[in-house]
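Undergrad: based on what follows, work out the 3D shape:
(one chain, ligands or ions: 1)
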Amino acid sequence: MTRKRLAVVGNGMAAGRLLDELVRRNAGTAFDITVYGEETHGCYNRILVGRIIGGGTTEEITLKPVAWYADRGVAFHAGKLIKKVDASTRTLHDADGNAFPFDVAVFATGSRAFVPPLDGLTGADEKPKAGAFLFRTVEDCERIRAYARPASSAVVLGGGLLGLEAAKALCDLGQHVTVVHPADTLMNLQVDALGGQFLRKAVEAAGIFVRTGVAATGVRGDDRVTGVVLKTGEVLPADMLVLACGIRPRVDAARASGVPVKTGIVVNDLLATAVPGVFAVGECAEHAGKVYGIVPPIWEQCAVLADILTGANPQARYRGSKLYTRLKVAGVEVASMGAIEPATESDEVIQVVEDRRGIYRKLVVRDGRLAGAVVVGEADSAPALARWFDRGDPLPPNRLDVFCSPDVSAAAADPEVCNCHHVTEGTLVGAIRDGCTSLPQLSAATKAGTGCGSCRGTLTRLILKNSLRPAGVSVNGTGHG
Ligand SMILES: Cc1cc2nc3c(=O)[nH]c(=O)nc-3n(C[C@H](O)[C@H](O)[C@H](O)COP(=O)(O)OP(=O)(O)OC[C@H]3O[C@@H](n4cnc5c(N)ncnc54)[C@H](O)[C@@H]3O)c2cc1C
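TA: Got it, this is the predicted structure:
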């Protein structure tokens, strides 16, 4: 059988996950796979990119080193920006005028950081002034690290997940950091107002200043940033400015290719665009009017697309994702799922406030089932709540029993380490005692660490702590997510 040429445009987390799913289904027998990535690295874990600001290396967050591709027969073109996917001639065109043939193409072009209109942000050359930075790529973070000086000041625009991550990284460098957020509370898309107050307290306790309910309108400084102008007219002195104001799907190449685009690249339940042989996954894809900005939905999309492309399960369909986010933001545990506010008169709201311990929990109950939840300040109840939410099981008549249910006690006694694959500490310790003494072995046995990869540090620590032969433990290797 002649193999088809499968081109993956983009080499971010969606592309990486799709490759894993394809390899798992032996796609190499049906396809010659080629990955075209604008960035010059193998696929890396963008979730951890903030570590670069604190001195981390690209290797530490790399999910697929260049050898990974070659070892699996995948051709990898790093540093190639694809401008157009010409479905009529089955040819990809890159920014340097090169053309590459393909039979099937997948857009995995992700998002770009949104740059808000700010007076004085750019200099005469139309580029952002020295001291103004985006926060998305390894290069962005390397630039931030090179510019940041201890005891200097930074303003971070945006009090969502990205802004708080950037603020924590800068604060850890000894900078005076102020987060400016136009909404009244932090992370207002995932956390309700009261939860946002708890989050704010924890963020402030970490040494970060917070200004909410006010937008920035301009940047001061002739050739470099010296301050940020707020809508009130106040000027916050700042040596640097980090823009973390949201993301926009990268759709330019799809648009230039005549592939239908709304907010993202429009796909159906097969992740197919309207152009035959052209698919899209990840943050660039718009399914049923929704564009997702976190990885769990992307993992689901990649599994379905791999099933479709390889024929492993031609009936596989992506029906959209129930949103569940569990994060550690600036050192604070946050979980959010589904509705964070009631939508109807009959929706019930249960709030448990532990002011002194900085813990806040909220449930939104609709028709006796969990329609949504917010947890700030602890992580033990999150997996159990996610199960109630995901399964849609009827809740106990006393809603508070949810927090005392065996699920929650079990989660507290045996915490989940790998949130992507729901692998608990107990399972991991069992696997280590059964002889998994390296990260690749542990990942192969339990799947832990093969998702976003952010738990791999914890896995390594567990190996060191629980291995029967600690002196001989090997923790290096390629257990990539
Ligand atoms: C700081 C930070 C923290 C985050 N934390 C979390 C978290 O805690 N939990 C969570 O679930 N999610 C988190 N996210 C979001 C998560 O990283 C994204 O959802 C995920 O990276 C999206 O994957 P993607 O492949 O769709 O896009 P990307 O990772 O953006 O990858 C797209 C890739 O395609 C390349 N590309 C674009 N256009 C072209 C082209 N035309 N030709 C060639 N290459 C192209 C880009 O250069 C990029 O390398 C975080 C993101 C950031 C920035």
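
Undergrad: all the strands of the stretch 301-450 of the chain, residue numbers only.
TA: 324-329, 332-338, 348-354, 359-366, 369-376, 416-418, 423-424 (DSSP state E, counting those that start in this stretch).

Undergrad: next, the contact list for the residue of the stretch 51-200 of the chain found nearest the ligand, please.
TA: Of all residues in the stretch 51-200 of the chain, Gly110 sits closest to the ligand, at 2.3 Å by CB to the nearest ligand atom. No exception for glycine: its C-beta is placed from N, CA and C like everyone else's. By CB atoms under 8 Å, 6 or more residues apart in numbering, Gly110 lies in contact with 10, 12-14, 249-250, 282-284.

Undergrad: over to Thr344?
TA: Per CB under 8 Å, 6+ apart, neighbours of Thr344: Arg366.

Undergrad: 10 Å - rerun?
TA: Counting by CB atoms under 10 Å, 6 or more residues apart in numbering, Thr344 touches 366-367, 371.

Undergrad: let me know the pLDDT of the nearest residue to Arg369 once chain neighbours are set aside.
TA: Closest residue to Arg369 apart from its sequence neighbours, by CB to CB, 6 or more residues apart in numbering: Gly392 at 5.1 Å. Turning to Gly392, the model gives it a pLDDT of 90.

Undergrad: correct me, but Gly392 touches Met337?
TA: No - with contact defined as CB atoms under 10 Å, Gly392 does not count as touching Met337 (12.0 Å).

Undergrad: Pro150 contacts Leu173, correct?
TA: Yes - taking contacts as CB under 10 Å, Pro150 lies within contact range of Leu173: 6.2 Å.

Undergrad: which one's more surrounded, the two?
TA: Leu173 (18 against 8; other CB atoms under 10 Å).

Undergrad: ramachandran angles for Arg112?
TA: phi -120, psi 160 (degrees, to the nearest 10).

Undergrad: over to Ile47?
TA: When read as degrees, to the nearest 10, the backbone of Ile47 gives phi -60, psi -30.

Undergrad: and it, how far from His422?
TA: From Ile47 over to His422 the distance is 17 Å, taken as CB to CB, to the nearest Å.

Undergrad: swap in Ala312?
TA: 22 Å.

Undergrad: number of nearby residues for the residue of the stretch 151-300 of the chain found nearest the ligand?
TA: The stretch 151-300 of the chain approaches the ligand most closely through Gly282 (2.5 Å), counting by CB to the nearest ligand atom. If you count neighbours by other CB under 10 Å, Gly282 ends up with 33.

Undergrad: residues contacting it?
TA: Gly282 touches 10, 12-18, 106-111, 249-250, 264-265, 271, 291-293, 295, 297-298, 301-302, 305, counting by CB under 10 Å, 6+ apart.

Undergrad: so what's the closest residue to the ligand within the stretch 1-150 of the chain up against?
TA: Of all residues in the stretch 1-150 of the chain, Gly12 sits closest to the ligand, at 1.7 Å by CB to the nearest ligand atom. By CB under 10 Å, 6+ apart, Gly12 lies in contact with 37-39, 43-46, 63, 108-111, 136-137, 250, 282-284, 298.

Undergrad: which of those residues are buried? Put it as a ChimeraX command.
TA: To isolate in ChimeraX the members of the contacts of Gly12 that are buried, counting by 16 or more other CB atoms under 10 Å, one can use:
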select :37,38,39,43,44,45,46,63,108,109,110,111,136,137,250,282,283,284,298
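
Undergrad: quick check: residues of the stretch 51-200 of the chain near the ligand?
TA: Counting by CB under 6 Å from any ligand atom, the stretch 51-200 of the chain comes close to the ligand at 81-82, 108-111, 136, 161-162, 165.

Undergrad: export the residues you listed as JSON lines, with columns for pLDDT and secondary structure.
TA: Output for those, formatted as JSON lines (pLDDT from 0 to 100; DSSP: H, G, I helix; E, B strand; the rest coil):
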{"residue": "Leu81", "pLDDT": "98", "secondary structure": "coil"}
{"residue": "Ile82", "pLDDT": "98", "secondary structure": "strand"}
{"residue": "Ala108", "pLDDT": "98", "secondary structure": "coil"}
{"residue": "Thr109", "pLDDT": "98", "secondary structure": "coil"}
{"residue": "Gly110", "pLDDT": "98", "secondary structure": "coil"}
{"residue": "Ser111", "pLDDT": "98", "secondary structure": "strand"}
{"residue": "Arg136", "pLDDT": "97", "secondary structure": "coil"}
{"residue": "Leu161", "pLDDT": "92", "secondary structure": "helix"}
{"residue": "Leu162", "pLDDT": "93", "secondary structure": "helix"}
{"residue": "Glu165", "pLDDT": "93", "secondary structure": "helix"}
